[in-house]
Structures are given as structure tokens and as C-alpha cells.
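Undergrad: curious how this folds, go ahead:
(chains A and B)
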Amino acid sequence: PSLRAQASCVQYRLVVREASTLQILQLYTCLDQIQHMEWSSDSLFILCAMYKRGIVQVWSLEQPGWHCKIDEGSAGLVASCWSPDGRHILNTTEFHLRITVWSLCTKSVSYIKHPKACQQGIAFTRDGRYMAVAERRDCKDFVSIFVCSDWQLLRHFDTETQDLFGIEWAPNGCVLAVWDTCLEYKILLYSLDGRLLSTYQAYEWSLGIKSIAWSPSSQFLAVGSYDEKVRILNHITWKKITEFEHPATVVNTKTIVYKEVEKSPSVETERLSFPPTRALASSLFSTQSKYDIAQVPVALQYVKPVADRANPKMGVGMLAFSPDNCFLATKNDNIPNSVWIWDIQKLKLFVVLEQLCPIQSFQWDPRQPRLAVCTGTSKVFLWSPAGCVAVQVPMEGDFQIVSLSWHSSGDSMVLLSKDNFCVCYLEREEV
Amino acid sequence: MGDWKTITVPVLSSDSKNIFQYTSEKKITPLSMNSQVLRLPLPSSKSMHSFLSAFCTEENLEQSISYLNRELTTLGFPSIYAESKGKELNLISIINSMNELLVRQHKNLRAQEEVEMQHLKLGSDMDHLQNCYAKLKEQLELSKREIVGLQERDRQLQNKNRNLHQLLKNEKDEVQKLQNIISSRATQYNHDMKRKEREYNKLKERLHQLVMNKKDKKIAMEVLNYVGRADGKRGAWRTDKTEARNEEEMYKVLLSDYEQRQKQLLVENAELKKVLQQMKKEMISLLPPQKQKPKERCEDGPVLSDLEEDIGELNKENMWELSCETVREQLTNSIRKQWRMLKNHVEKLDNQVSRVHSGALNEKDVISREDHELETEKLELEIQQCKEMIKTQQQLLQQQLMSPCDDDTTLLLQDCYLLEERERLQEEWRLFREQKKNFEKERRSFTEAAIRLGLERKAFEEDRGAWLKQQFLSMSTDYKHSENVTSPSAFLGSNTAGFDQDNQLAKPTSRQRKPQCMLSDPVSEEPCQISQYITYDSAATKKSAGEIEPNQWVESDKEETE
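TA: This is a model prediction of the structure:
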């Protein structure tokens, strides 16, 4: 979280580097292969979780000699995370038997029983005051709200879901969105004190919600579902304002469609020298791509999912609001190569980015309406309302970007591939 | 006998046939030769000649003549013999009859022609009609076949339709069935899932127990040293106080969020209201300056004045403070009224424009109207948007305030309130008028009374004067040389009874508004006025007495009268 340092782990080693220069600051060795690594909120500690051994090791940045080891023993470890105050670690034991809260200040232990085994079972409010935990007892779903300062159980209420899939706080910390499994389209909104504010159900029987996203102002809740649509609910009436469709053909003349086009660089035969230099070789074989504006109507690449498999690759799987609340980026898994960007002020489709390869992930710049997209190739794509650009990672060999992550200041981002990572620095315009 | 016209041969031939049958019995030999020739259906001219010569020869002349005579007479012609018995032929009659025969022949020929013509015509008509009949028959056949064909098609289509309906019904039933199946399966799956989950939970519990029992000690945390809290404070015990505080904080958070939202909504609302007010004003300003038929003007007039009054009322109130139902309803209703008026206005303008277009075109007017229409369109759009926003705002506020007030009842209440006020005002007016009338009556009565009093005073004065004269005369003889008993001031000796009465008199008179009671004013000012014992002096005192007297005596008169 802090701006200064950045940590990466390789196998069983934890490497902390300086963010601006990538100079190694610290080096820690853990007992086993690290599965998960997380910074504490005040950037003083890093936890490394090793699920196989059931051990969590915590390292301090200020005092390299300080160490801490939490052993879950036979209870096993499935997930581990920090609490918002940076002094407690929540471990989820195997089979989701319980969540253990370890305190670094007091060495005390608390248990939360019957946590729910779902994707997003724990949610913290943005200000770090409250924590919501999804539980399941006697085949019924419950949500418990805890006060993070003293872990007091504030509210405990049951939800009307069949099988709770996820919970997420609104950025203002007053509303909790709870949604059901994909077999049933149901999203419930609870206020901080446990009252049910509203339920929303768009249709029955078909596969339901795939992903949700809150707008940064808590005004809108975007619900992406398996029917390739995104429905936007407003925070005053919790009713649908509009729905966005993702058809395979874009016909609206007002949307701009950027198409990634590959072009191989021209080689000047005169300049060829023997043996060929490395730079030349890499540039010869790497293909550059740029964006072309395609004329509407544009037919996008549509992939029909296999009908008889579970968790089909259809529907809106990725949703993200821009930090200024103006844009919403979505990805329809039926059209895996495109990112759809919607203008929230006009509630219309603004831009479609069509790439050559399926999109792996995208993320908004935390400060501006700038979207970074990676598709598993060695290029990262940036879009902003001014235009879009394809950036090649200057590396020898292949660098397949699998995921990316912005720095909180919006000046740089980390591009991750399977084995390596690279940091991309973005220049700020001199005003 | 030579040149016979051979025009209508068949008639002759038929005649000739008859004649020949007759004459052939008599003269076979000369005729037999010719009969062969003459039995031909269409004899030629040659045969005609031979036939003609064959009828009458030198031998049978007389017989033929007599035969002819007989025939002619039977035909109605006069006899060709002369009147005398002799065998002298009447040439004239013969020629006449010949002529007659010729004429008849011609006639017959013509008739024959005509008949033949008609025959031909009729024949052609018949042909034509037969053709027509045949054609119509064909057409009828065709159309019958077509009808049959169409009927067939119709039947087929109806069948199709019925089939499709049936299919649709079947499909719907299937869909319903499938939905039922899905729902039943879903419930079954849920049930099974729950069962499995319970089993799983049991296993988990068991496992947990086993695990915890065996290696309890391994679960531990090793820390080199305690870490201070992030905010530097010490950890606090969890007590009831802290619990209560947590609850409080939570509610505070919620409340602050709601308050913020409400503020935003209020601000939005106020802005919208302002916009609506502006729009209303603009709408109103648009309507009157338009020159229209006087009818519409006077229709608009009273309505506008009412609306202006309403607007004045609304503008007086602080819009940004009030968010109550009544103000909102007033605003929306007034805007709706305005909008209706504007719409009517625009429609009338449109009609006028169309009429103007059909008549003489005045470009200036057309352009101004077009501009007006554009403006009204823009206003229309704005109004619709504002209306929608207002509706949503209304809904939101209603939800927040949760006041179940009905549109109709508020309107009625308003109307009732206004009516009440009006009635009250009217009553007050009535009362005021009545009071005015009463006062005027009183005034009049008082003036009359004053006038009467004046007159009576005069009369009484005179009487008194006379009486006093008498007295004086009688007394002057007695008291000529006595002292002046009384000074003029004695006249002002008070008589308490009279004084009181005087004051009492003065009071009602002073109550009169008009200065008609000036007479009584000097009376009231004088402290003691009436003395019953009036002494008289010389003429000077008498004069003064006379001056003063009337007052006093008026009073005493009043006394007496009262």
C-alpha cells in the first residue's frame, strides 16, 4: 500500500524492493513455498502464507530481525489475510471449519465459527471499521458484522439466499451487498445495522449473477449476469436504472471501436548486418500492434460456450468502475477478446476495445480514468478518453502478461507474467 | 308480254307453281315442255319469258281471261270485263288492276325485303346473344370453379390456423410443464444439497474434534516480541460500555450517510423547483403578449389573473425551505395548468398558421410564429424533463417522509380553506356594512332630534320669555328698589340635581360624532349651571340673563322635558 516499497516472492524467498528504483531492500526466507503474500495496511509488515504447511510468517520492514510464525497445525490453512488495522491476521482453516483471529499485539486468539466456504466470505469496509463474515449454519446463510477494533459481534442476521456466493461492502460503508449462487439470480442489500433494504431479482431459472461492482461514490451497483447483460441499480430506490447489453455486433454509430491490428515492422535490407544484433533480431520477430478505428457496424468475435459443462464461459465476468465514477469497464465472456467501456453519465456504450487475444485482466488507474488491459501477450494496452495505445514490453523472449496491478499513485504499474514481473512507469504530463 | 322484270323470282315461282298446277291440268302438252323447265326453284329470265308465254296462248285466251277475271275479283279488284255481258275487256280496269297488282307487288317485295332484313337482323342478334350466352356460361363456370378453389384454400388456411393455434397451446403447455419440472427439480436438488451439507458438517465436526484432540499444542503463535498497536493506544477490555459505544458509532455512521444523502436531495430539489418557477414565469410571459381573438383574450384574462395571484403567493413563500406536500402539489398543478394553456395556445397558433398559409401569406407573421413554435417546443422538452425529475423527486421525498397524503384531499383542503376565508371576509364585510348603516341611522336620528330640540327650544324660549316678562313685570313692581339680589353669577348657581341631569344629558350628546351637539358642549363645560331660583335684574342683566338664560333654560327645559 505504501508508495515506497514493493514486495515480490519467488518460491520461498520474499524480496522487498524499492518502488522507484527496484533496488532490493530486504530479503527474507520462509520455510516453505509461499502461496500468498500480503502487505499490512500501514506497510510495516508483510505476511506470507504457506498453505501446505499451514504456517503464516510475518516479517517486519522496520526491524528485519523481528519475526513471527503462526502455526495452524492440523487445522490446516486455506486462506489468510490482514485485518484493516494491520495488527490481526485472519486465518481460514481447512474445510472452512473456522476463522482464527490472531492478534499481534496481545497474542490472543479469537475464533469465528462456521464461516462460509465461498469466494468472498470476508469483507472489510473501506474505512476498516467493520468486517462482514458470511456464515452457514444448518443449511442457512447468515452474515455477521464485527467491529474491527475489538472484534465485538455487532449484528448477526440471516439472509434469504439459497447459497450465498459473495458479499461486498459499498464504498461508503453503509450498505452490504449479498448475492446468491449462480443458480438463482438474487442480490440482497443490507444496511450496516442488519436491516434488509431491498432485494433485486431480474429473472428466474436461468443462470444468474456472475460478478458485481460498486461505483466509487456508492451511487450505483453494477450487476453482471450470465445472460450477457449488466444491470445498474441506483442507491436511492435500489431499482434497476438501466441494463447494458453485450451483443456480438456493435451497431450504434456513436461508439468507437478500437481494433488491435498487428503489423510486422518493415525491414530495411541495407541495414542488415551479420551476425544480426540482438535488438534487431528481437524487433524482427516481434510484431508490433497498434489500434485502428473500425467502422461501425462491427462484428466481434463470439464464442459459444459448451452447453453441458458447469460454470460456462458466458456472461459478464469482469466489471470495474473508473475512480471518477464516469466509466464502467466490462468483459463479456462470450466475447473474450473485447473490453466494453460504458459512459455512466450518459448510460451508453462509449468504446469497445477489440484485442487479438483473450483478455486476461484489466484494471483502472486509481487516480484517473485510465484503463490498463493485458491479454497474455507481451503488450499492455492503455485506454483513456483521449485515445488508446499499445505498449510493448521491451524484453527479450516472451513475456506473457497474465495480470497487472497499478500503483496507488497511478504513476506506475506492475505487469506480472508467470515467472517474472516488470514495472512500467508512466510519465506524467508536465503542466 | 315481253319484258317482265324478274326481281322477285321466288314469289313468282311459287305463284307460278300454283298457277301451273292449275293450268297444267288443262294444257299439258304445250306446258309440259315448259313445266320441266319451270319447276326449277329459281327460274331464269328465259324461263320466265317462257312461263309467261306459256300461261296464255292463242287457244286458251278466253279461258285465261276469265280465269284472270275470277282471280282478280276474288282479290277484290273490279272485273276486267266491261259491264256489258259481252266479252269486251275493260281496258282501264285491266290497266288499273295491273297497276294495282304492280303496286301490290312492289309493296310485297318491299315487305319481303324488310322481313328478310329483319330476319337477318334477328338471326345475327340471335347469333350474338348465343355467343354472349355461351361466353357468360363459360365465365360462370370459371367463377364457380374459382369460388370452389378459393373456398378450398380458405378451408386449408383455417385448418392451418387451427393447427398453429393448437401447436401454440401445446408449446405453452409444454413450457409450463417444463417450468414446473424445473421448479420441482430445483426443490429436490435443494433438499438433497441440504442433506449432503448436513452430512458434510457432521464429518467436519468429527474431523475437527479428532484433530483438535490429537495435536492441540501445535497450534500456536510464536512472536519475538509484542507489537504495539497501529494507533499507539493500549488495548482495551471489552465491556458493555464499549459495546454500547460501538453500536452508537455504527448508528452515527448510518445517520451521517443518510443526512448527507438528504442534503444532496434537498439541494437538487431546490434547484429543480427554481427551474420550474422560472419556466412557469416564462410560460406566463409568453402567453399574454400574443395577439389573438378577443374571445380567447378574455378567456385567458381571468385565468391568468388567478394564476398570477397563485404565482404571487408561491413566490412569497420561501420555496427552498418548504418541502411539504401542499407546496409541491400547488407547484405541479400550476405548472400543469400553464402547460395546458400553452399547448392550447400553440395549437391555436398552428391553426392560424395553417389558415394563413391557405390564404395570403405574410412572411413576417409566419416567421414569428415559427420562432414561437420552436420556443414552445424547447419549453415542452424542458417541461417534460422537469416533470419527470419532479416525479422522481416526489417519489423519493414521499418515501423519505412517508406521509400518505392524497393529491385530491390536499386540493380539496386548499379549496376549502380558501372558501372559508372568503366566506369569513364576506361576513365581515356584511357586518361592517350593517354597522355603517346603523351608525348612519343613529346619526340621522340624532340630527333630527337635535333639530327638534332646537325648535322646541325656540318655542320654549319664547314661552319662557313671555312668562318671564310677566313675572318681571309683576316682580318689578314689588322689588323695584330692592338690591340686586342676584349677580349674573347667581345664575350660574348650581343645582345638583340639574347638574347631574345636565351631565347625563351632556354624556349622550357628546357621544354623537358630528359636531351637531355643539350646543351641549358649552353646557358641559360650565360647571354649575342650573339654578331654579332665577332672580332678575335690570334690563342689562336680563339681557345677559337672556343670553345665558336660553342655555340654562334650555337645560332646565331639558330637565323638565326629561
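Undergrad: helices of chain A, residue ranges please.
TA: A:278-285 (DSSP state H).
Undergrad: which secondary element of it has the worst mean pLDDT?
TA: Lowest on mean pLDDT, DSSP states H and E among the helices and strands of chain A sits helix A:278-285, with a mean of 49.
Undergrad: show me where chain B dips below the pLDDT cut-off.
TA: Within chain B, the ranges that satisfy pLDDT under 70 run B:1-53, B:80, B:82-87, B:214-220, B:223-238, B:288-324, B:359-368, B:403-410, B:413, B:479-562.
Undergrad: try the stretch 51-200 of chain A
TA: In the stretch 51-200 of chain A, no residues with pLDDT under 70.
Undergrad: how about the contacts made by A:F350?
TA: Shown in contact with A:F350 (C-beta atoms under 8 Å, 6 or more residues apart in numbering or on different chains): A:255-256, A:327, A:341-343. For glycine as for every other residue, the C-beta is placed from the backbone atoms N, C-alpha and C.
Undergrad: tell me the one of those residues nearest B:K172?
TA: A:W342 (36.8 Å; C-beta to C-beta).
Undergrad: just give the closest residue to the closest one, not the sequence neighbours.
TA: Excluding the flanking residues, the one nearest A:W342 by C-beta to C-beta, 6 or more residues apart in numbering or on different chains is A:L328, at 4.5 Å.
Undergrad: in a helix, B:K436, correct?
TA: Yes - assessed by DSSP: H, G, I helix; E, B strand; the rest coil, B:K436 belongs to a helix.
Undergrad: got a list of what the nearest residue to A:D411 once chain neighbours are set aside touches?
TA: Among residues not flanking A:D411 along the chain, A:L426 sits closest, at 5.9 Å (C-beta to C-beta, 6+ apart). With contact taken as C-beta under 8 Å, 6+ apart, A:L426 is in contact with A:410-413.
Undergrad: and those, which are buried?
TA: Buried members of the contacts of A:L426, counted by 16 or more other C-beta atoms under 10 Å in any protein chain shown: A:410-413.
Undergrad: now stretch A:21-39: mean pLDDT?
TA: Across stretch A:21-39, the average pLDDT comes to 78.
Undergrad: quick one: end-to-end distance for that stretch.
TA: 19 Å (C-alpha to C-alpha, to the nearest Å).
Undergrad: burial check on the residue of the stretch 51-200 of chain A at minimum distance from chain B, number of neighbours?
TA: Per C-beta to the nearest C-beta, A:G73 is where the stretch 51-200 of chain A lies closest to chain B, at 3.6 Å. A:G73 has 20 neighbouring residues, counting by other C-beta atoms under 10 Å in any protein chain shown.
Undergrad: what do you get for A:N234?
TA: Using other C-beta under 10 Å, A:N234 has 15 neighbouring residues.
Undergrad: for it, list the residues it contacts.
TA: A:N234 neighbours (C-beta under 8 Å, 6+ apart): A:219-220, A:241.
Undergrad: packing partners for the host helix or strand of B:G123?
TA: Of the helices and strands defined by DSSP states H and E, B:G123 is found in helix B:91-214. For helix B:91-214, the elements it packs on are helix B:9-26, judged by 3 or more C-beta pairs under 8 Å, 6 or more residues apart in numbering or on different chains; DSSP states H and E.
Undergrad: re the thing from before, okay but the residue nearest to A:W342 is in contact with A:I344, surely?
TA: Yes - A:L328 lies in contact with A:I344 (C-beta atoms under 8 Å); the separation is 5.7 Å.
Undergrad: which of the two has more neighbours?
TA: Taking neighbours as other C-beta under 10 Å, A:L328 and A:I344 compare with A:L328 leading, 25 against 20.
Undergrad: any figure for the gap between the closest residue to chain A within the stretch 51-200 of chain B and A:L164?
TA: The stretch 51-200 of chain B approaches chain A most closely through B:K194 (4.2 Å), counting by C-beta to the nearest C-beta. Distance, B:K194 to A:L164, by C-beta to C-beta, to the nearest Å: 14 Å.
Undergrad: hmm, back to that, overlap in contacts of A:L328 and A:I344?
TA: Joint contacts of A:L328 and A:I344 (C-beta under 8 Å, 6+ apart) are A:215, A:232, A:321.
Undergrad: let's see which of these end up in strands.
TA: Counted as lying in strands by DSSP state E, out of the shared contacts of A:L328 and A:I344, are A:232, A:321.
Undergrad: what about the closest residue to A:E245 other than its chain neighbours, neighbour count?
TA: With C-beta to C-beta, 6+ apart as the criterion, A:E245 has its nearest non-adjacent residue at 5.4 Å, and that residue is A:K229. A:K229 sits with 18 neighbouring residues when counted by other C-beta under 10 Å.
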